[in-house]
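Novice: no sequence for this one, just the structure:
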């Protein structure tokens, strides 16, 4: 079973994997990207013992040019060169191909119903998104579709997407609610996420996105969320992370602060999506409230990025959203150069980023957001895991959870250079071969 720091009983049930690891597995003669640091001091230990990379350590891939990795009981049992093969172990000959930790996608909206294809065509034709929203499109269209869908239908759609993500090498994925807007709607989404996670080989981490939009008058709706919806969620789903979107067309700073102050009193992890369309001033409050992450950041000011980089709050960047929306790319490279805790995510969802391909995210981050290939790999593995509260994955070291992907490439730079296609030949989740 997977886990997350400071999780409640319910969350421990949801964040899980199938226990099938009976036989040991040896992957031989691989170009191993262990992401192990030569000296422990190169990592930063965060609150709760989560370890993440910043500065020069972000570029350290811990390469073993021709290495072997032994997996037993769902964990990494040995890493080295020319290891002895245990009797009865399944052997996979990598022949120089890249073996690396499974991708961790720390920001997705993968639970939804319906589609937004008509309005996408309208946007391509020049219709402003504000006009589409005024006519009942945009996020409101998805809210209606989710309301009409059953829990079973939501879970089935999500499970199909989770399986596709896993085939692409993502072994741990965060999934948000956010389209429910009511106690009944939000809990339906969260139960659907839990249902989809059952018997799934990878790890699913739910997030209660309680502040994604506003239904009706701003003050009245945000008051209902803080006073009624939030307590209902934390009682039914103890330990779950709480998130809001801070933007002119979503939640104002003051409402986000009220939500986070209330949730923080109950020890819930806090996240915010901010500075996507324009600066809001939310970063200052995020640092004051010790949020786990600030996500998006496409239009964050230089001063705010520097302040965020000096903190223990992650900056989570989603370049695929910029690609799909034909917008500005966040300055992830500058943030990393300032010593920030950088993570990359797909933002996979029905509207903002209709892709779950982490290699594509890496390719965009290297081309348009200023990260090096090594930084982008660390940002989609060890740092993304830490952003979700995990310290047991994201590296290939003895004792770590055996979430691994074997690429068809023999050079990891091809992850960023190649555009399109799936470079993953083999996926191992908690020691189990997938597919």
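Specialist: On my side now, so go ahead. Keep in mind the model is a prediction, meaning the values are calculated, not measured.

Novice: From now on I want contacts and neighbour counts done on CA atoms only, so please keep to that.
Specialist: Fine.

Novice: Find the residue at the geometric middle of the protein.
Specialist: In the chain, the C-alpha nearest the mean C-alpha coordinate belongs to residue 106, at 1.0 Å (CA atoms, centre = their mean).

Novice: what residue ranges in this protein score low on pLDDT?
Specialist: Flagging of the chain using pLDDT under 70 yields the residue ranges 1-22, 39-50.

Novice: ok, now which residue in it is the farthest from the centroid?
Specialist: Largest centre distance within the chain, by CA atoms, centre = their mean: residue 87, 37.5 Å.

Novice: need the contact list for that residue.
Specialist: Residues in contact with residue 87 (CA atoms under 8 Å, 6 or more residues apart in numbering): none are found.

Novice: For residue 78, see how far away it is.
Specialist: Residue 87 sits 15 Å away from residue 78, going by CA to CA, to the nearest Å.

Novice: circling back: please name the nearest non-neighbouring residue to the residue nearest to the centre of the chain.
Specialist: residue 174 (5.0 Å; CA to CA, 6 or more residues apart in numbering).

Novice: now the helices for the stretch 251-400 of the chain?
Specialist: Assigned by DSSP state H, counting those that start in this stretch, the stretch 251-400 of the chain shows helices spanning 253-264, 282-288, 302-309, 319-325, 332-337, 358-368, 373-379, 382-387.

Novice: what does the fifth one rub up against?
Specialist: For helix 332-337, contacts defined as CA under 8 Å, 6+ apart pick out 54-55, 305-306, 309, 317, 342, 365, 369-372.

Novice: What is the burial count for residue 140?
Specialist: 18 (other CA atoms under 10 Å).

Novice: Switch the contacts of helix 332-337 over to CSV, and while doing so, append distance to residue 267 and neighbour count to every line.
Specialist: Below are these laid out as CSV (distance: CA to CA, whole Å; neighbours: other CA atoms under 10 Å):
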residue, distance to residue 267, neighbour count
54, 26, 23
55, 29, 19
305, 26, 21
306, 27, 18
309, 24, 22
317, 25, 30
342, 23, 30
365, 33, 27
369, 33, 23
370, 35, 20
371, 33, 25
372, 35, 20
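
Novice: Closest one to residue 197 out of those residues, please.
Specialist: The shortest approach to residue 197 among the contacts of helix 332-337 belongs to residue 317, at 25.0 Å (CA to CA).

Novice: contacting residues around the closest one?
Specialist: 295-297, 330, 332, 342-345.

Novice: now, which of the contacts of helix 332-337 sits nearest residue 135?
Specialist: residue 317 (30.4 Å).

Novice: Residue 371 versus the closest one, what's the distance?
Specialist: 11 Å.

Novice: check which helix or strand covers the residue farthest from the centre of the chain.
Specialist: For residue 87, there is no helix or strand it lies in under DSSP states H and E.

Novice: Residue 368 reaches residue 329, doesn't it?
Specialist: Yes. With contact defined as CA atoms under 8 Å, residue 368 reaches residue 329; the gap is 6.4 Å.

Novice: Mutual contacts of these two, please.
Specialist: Residues touching both residue 368 and residue 329 (CA under 8 Å, 6+ apart): residue 319.

Novice: More neighbours: those two, which one.
Specialist: Between residue 368 and residue 329, counted using other CA under 10 Å, residue 329 has the larger neighbour count: 23 against 17.

Novice: quick one: that one and residue 276, what's the gap?
Specialist: From residue 329 to residue 276 the distance is 10 Å (CA to CA).

Novice: For those two, list the residues in contact with both.
Specialist: Joint contacts of residue 329 and residue 276 (CA under 8 Å, 6+ apart) are residue 298.

Novice: want to throw the contacts of helix 332-337 into TSV with distance to residue 241?
Specialist: Below are the contacts of helix 332-337 laid out as TSV (distance: CA to CA, whole Å):
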residue	distance to residue 241
54	24
55	27
305	23
306	25
309	22
317	18
342	19
365	26
369	27
370	29
371	28
372	30
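
Novice: ok, so of those, who is nearest residue 215?
Specialist: residue 317 (27.3 Å).

Novice: ok, back up a step: which one of the contacts of residue 317 is nearest residue 123?
Specialist: Among these, and counting by CA to CA, the member closest to residue 123 is residue 296, at 21.2 Å.

Novice: what separates the nearest residue to that closest one once chain neighbours are set aside from residue 292, distance-wise?
Specialist: Closest residue in space to residue 296, ignoring its immediate chain neighbours: residue 317 at 5.0 Å, by CA to CA, 6+ apart. As judged by CA to CA, residue 317 and residue 292 stand 14 Å apart.

Novice: Got the domain ranges for the chain?
Specialist: 9-102+392-434, 104-387 (automatic domain parsing).

Novice: Give me the contacts around stretch 298-305.
Specialist: By CA under 8 Å, 6+ apart, stretch 298-305 touches 275-279, 283-284, 328-331, 335.

Novice: Please pick the buried ones from those residues.
Specialist: Applying 16 or more other CA atoms under 10 Å to the contacts of stretch 298-305, the neighbour count classes 275-277, 279, 283, 328-331, 335 as buried.

Novice: Could I get the full set of strands for the stretch 201-350 of the chain?
Specialist: Taking DSSP state E, counting those that start in this stretch to define them, one finds strands in the stretch 201-350 of the chain at 203-211, 241-246, 270-274, 293-296, 314-317, 342-344.

Novice: Determine how far the longest one lies from the middle of the whole chain.
Specialist: Counting by CA atoms, centre = their mean, to the nearest Å, strand 203-211 is centred 10 Å from the centre of its parent chain.

Novice: go on, the fifth one?
Specialist: Computed by CA atoms, centre = their mean, the chain-centroid distance of strand 314-317 equals 10 Å.

Novice: in its sheet, what does it sit against?
Specialist: If you go by DSSP bridges, strand 314-317 pairs up with strand 293-296 (parallel), strand 342-344 (parallel).
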